[in-house]
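> when you get a sec, could you give me coordinates for this:
(one chain, ligands or ions: 1)
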Amino acid sequence: DAYIGAIEAANPKLNAYVATTPEKARDMARASDEKLGKGQGGPLEGIPLGIKDLFATKGVHTQAASHILDGFKPEYESTVTANLWRDGAVMLGKLNMDEFAMGSSNETSYYGPVVSPFRAEGSNANLVPGGSSGGSAAAVSAWLCAAATATDTGGSIRQPAAFTGTVGIKPTYGRASRWGTVAFASSLDQAGPIARTVEDAAMMLTSMSGFDPKDSTSVDLPVPDFAAAVERGVKGLTIGVPREYRMDGMPGEIEKLWSEGLEWLKAEGASVRDISLPHTKYALPAYYIVAPAEASSNLARYDGVKYGLRVTGKDITDLYELTRAAGFGREVKRRIMIGTYVLSAGYFDAYYVKAQKVRTLIKKDFEDAFHAGVDAILTPATPSAAFGIGDEALAADPVAMYLNDVFTVTVNMAGLPGIAVPAGKDAQGLPLGLQVIGKPFDEETLFAAARVIE
Ligand code: GLN
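Below you'll find the predicted structure:
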């Protein structure tokens, strides 16, 4: 009831939820009370969660914040949310996001932008919560849920977490099932939590993870109790500091925070080593070929016949065209055009195949660092703090918006786990985050290092 009341009070301003399920929440909570009364109950029993609108929830609004999925209520539950309900969690509703998870500011949503609960000191201007999991980040930081699900294709868990002073982890590709999560770029998409503390994130991820025969890319490995790793410390670990992440024009306060983070880890017994990840500068351009290519293919299914919106015309081709023209927003159309272009016969080798080769080199950079004895890597999470809603420079230049992902996309390209943890504030009092990147399936080290920084 407290969370439902908080949502009713704050959501008209923040726009974090696109649908709420108060009756369902109360039913689930009552069932949890009963279980707990009998001394039973799962690890998340009775914990109220917000669910990103990208996860299919049976009988409940699931539109990926797109007009094209108008009225869609799936007949099935995503594996990740089913895992959370199995462990006792309670659903409060569906969270706003960038349309089909394409964006870094939550401004591409059909439902309009999410407003960050944060303001720069002395200013009343509305700020973005980051994207694409902007609803998740805003809801968690404004106490409109205890924690939230999110997804990360190129930074969409970690960048909004950094902008809102919350903790967000993208696990290793394959750790969580993608079944029932609306697909954006299937070789990059991963689900993970946004939470207020490292421990909460660890508990959430334990429940969300696990092998699923319905997702051929999910990996059949036991899921550790991540919460048990949180207090493990960093003694004896070697932390890599990639020189390529020292970008020109990076704000001094982010540079300073990065150094402080290294000092905190050293004070707890880690050693720090400079490393090189030489292909870093190609990650962003390669990502913006691979991700739109996969998106253009995944989004072919929205044809006005199978799901959601339908705009009829004189024949079936007309129906496809009119539905897609009316149903997709500008950013989604941009991605479809880039994607179909780089996959077209004449350009496939020059763009798509080349980007895949670059991806292999990016992955190899990380493997080389890990083979040379690095246990984890520390970087800033984002190149800046949160910016204003409707920022004109960013609106005019999509590539400038894409630069937000410069520190996060490498991790998706390499399939590695990455966690964003709040580490400090900028001069205007806005949250700043650091990112810890780890070896495949070594999320435990990430939680331990993030706990030292938090
Ligand atoms: N901002 C990136 C994009 O627009 C990442 C999105 C994501 O991780 N879902 O593609």
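
> spell out for me which residue occupies the centre of this protein.
residue 157 (2.3 Å; C-alpha atoms, centre = their mean).

> got a list of what the residue lying closest to residue 77 once chain neighbours are set aside touches?
Nearest non-adjacent residue to residue 77, counting by C-beta to C-beta, 6 or more residues apart in numbering: residue 58, 4.5 Å away. C-betas here are computed from N, CA, C, even on glycine. Neighbouring residues of residue 58 by C-beta atoms under 8 Å, 6 or more residues apart in numbering: 73-77.

> who in the stretch 301-450 of the chain is up against the ligand?
Within reach of the ligand by C-beta under 6 Å from any ligand atom, the stretch 301-450 of the chain has these residues: residue 405.

> need the helices for the stretch 301-450 of the chain, in chain order.
316-327, 330-343, 354-371, 392-396, 398-402, 409-414, 443-453 (DSSP state H, counting those that start in this stretch).

> okay, stretch 92-112 in PDB with CA atoms only?
Extracted C-alpha coordinates of stretch 92-112, given in PDB (Å, rounded to 0.1, in the frame of the first residue of the first chain):
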ATOM      1  CA  LEU A  92       3.500  -3.100  -9.000                       C
ATOM      2  CA  GLY A  93       3.300  -2.400 -12.700                       C
ATOM      3  CA  LYS A  94       5.100  -1.800 -15.900                       C
ATOM      4  CA  LEU A  95       7.900   0.800 -16.300                       C
ATOM      5  CA  ASN A  96       8.500   3.400 -19.000                       C
ATOM      6  CA  MET A  97      11.500   3.100 -21.300                       C
ATOM      7  CA  ASP A  98      12.800   4.200 -24.600                       C
ATOM      8  CA  GLU A  99      10.700   2.700 -27.500                       C
ATOM      9  CA  PHE A 100      12.000  -0.900 -28.000                       C
ATOM     10  CA  ALA A 101      14.900   0.100 -25.700                       C
ATOM     11  CA  MET A 102      16.400   2.400 -28.300                       C
ATOM     12  CA  GLY A 103      17.800   5.400 -26.700                       C
ATOM     13  CA  SER A 104      19.900   6.900 -23.800                       C
ATOM     14  CA  SER A 105      17.500   9.400 -22.300                       C
ATOM     15  CA  ASN A 106      14.100   7.800 -22.200                       C
ATOM     16  CA  GLU A 107      12.800  10.500 -24.600                       C
ATOM     17  CA  THR A 108      11.900   8.100 -27.500                       C
ATOM     18  CA  SER A 109       9.000   6.500 -25.500                       C
ATOM     19  CA  TYR A 110       5.600   6.700 -27.100                       C
ATOM     20  CA  TYR A 111       4.400   7.600 -23.600                       C
ATOM     21  CA  GLY A 112       6.700  10.700 -23.400                       C
END
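
> tell me if it is near the ligand.
Yes: using C-beta under 6 Å from any ligand atom, stretch 92-112 comes into contact with the ligand via 101-104.

> for the residue in the stretch 301-450 of the chain that the ligand sits nearest to, grab the count of nearby residues.
Nearest to the ligand, among the residues of the stretch 301-450 of the chain, is residue 405, at 4.9 Å (C-beta to the nearest ligand atom). For residue 405, the count of nearby residues is 24 (other C-beta atoms under 10 Å).

> re earlier: could you dump the residues of stretch 92-112 next to the ligand to TSV with pLDDT, distance to residue 340 and secondary structure?
Listed next are those as TSV, based on pLDDT from 0 to 100; distance: C-beta to C-beta, whole Å; DSSP: H, G, I helix; E, B strand; the rest coil:
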residue	pLDDT	distance to residue 340	secondary structure
101	98	19	helix
102	98	15	coil
103	96	20	coil
104	96	22	coil
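
> next, the contact list for the residue in the chain sticking out farthest from the centre, please.
Centroid-distance maximum for the chain: residue 314 at 40.5 Å, with C-alpha atoms, centre = their mean. By C-beta under 8 Å, 6+ apart, the contact list for residue 314 is empty.

> if we use 10 Å, what do you get?
residue 322 (C-beta atoms under 10 Å, 6 or more residues apart in numbering).

> which parts of the stretch 101-250 of the chain are helices?
Going by DSSP H, counting those that start in this stretch, the stretch 101-250 of the chain shows helices at 134-141, 158-163, 198-208.

> mind checking these for the one nearest to residue 82?
helix 198-208 (10.1 Å; C-beta to C-beta).

> helices or strands up against the closest one?
Judged by 3 or more C-beta pairs under 10 Å, 6 or more residues apart in numbering; DSSP states H and E, helix 198-208 is in contact with helix 79-86, strand 147-152, strand 167-170, strand 190-195, strand 418-425, helix 443-453.

> quick check: buried residues in the last one?
By neighbour count on 16 or more other C-beta atoms under 10 Å, the buried set for helix 443-453 is 443-453.

> and for the fifth one?
Neighbour-count burial for strand 418-425, with 16+ other C-beta under 10 Å as criterion, is recorded at 418-425.

> over to the second one?
By neighbour count on 16+ other C-beta under 10 Å, the buried set for strand 147-152 is 147-152.

> for stretch 85-95, what is the distance to the chain centroid?
Centroid separation for stretch 85-95 versus its chain: 18 Å, with C-alpha atoms, centre = their mean, to the nearest Å.

> what is the end-to-end distance of it?
Using C-alpha to C-alpha, to the nearest Å, one end of stretch 85-95 lies 17 Å from the other.

> distance check, the residue nearest to residue 77 against the ligand.
23 Å (C-beta to the nearest ligand atom, to the nearest Å).

> quick check: phi and psi on that residue?
Main-chain dihedrals, residue 58, degrees, to the nearest 10: phi -60, psi 120.

> quick check, pLDDT for it.
If you check residue 58, the pLDDT there is 98.

> what is the neighbour count of residue 392?
8.

> got the contact list for residue 60?
19-21, 24, 51, 53, 73-74, 77, 81, 91, 93-94 are the contacts of residue 60 under C-beta under 10 Å, 6+ apart.

> buried stuff in stretch 395-412?
401-412.

> export these to TSV and tack on distance to residue 392?
TSV is the format used below for these (distance: C-beta to C-beta, whole Å):
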residue	distance to residue 392
401	12
402	17
403	16
404	16
405	20
406	21
407	24
408	24
409	24
410	29
411	30
412	29
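
> could I get these as JSON lines with pLDDT and distance to residue 141?
As requested, the buried residues of stretch 395-412 are arranged in JSON lines below (pLDDT from 0 to 100; distance: C-beta to C-beta, whole Å):
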{"residue": "401", "pLDDT": "84", "distance to residue 141": "22"}
{"residue": "402", "pLDDT": "85", "distance to residue 141": "24"}
{"residue": "403", "pLDDT": "84", "distance to residue 141": "23"}
{"residue": "404", "pLDDT": "85", "distance to residue 141": "18"}
{"residue": "405", "pLDDT": "90", "distance to residue 141": "20"}
{"residue": "406", "pLDDT": "91", "distance to residue 141": "23"}
{"residue": "407", "pLDDT": "95", "distance to residue 141": "20"}
{"residue": "408", "pLDDT": "97", "distance to residue 141": "19"}
{"residue": "409", "pLDDT": "97", "distance to residue 141": "23"}
{"residue": "410", "pLDDT": "98", "distance to residue 141": "26"}
{"residue": "411", "pLDDT": "98", "distance to residue 141": "22"}
{"residue": "412", "pLDDT": "98", "distance to residue 141": "23"}
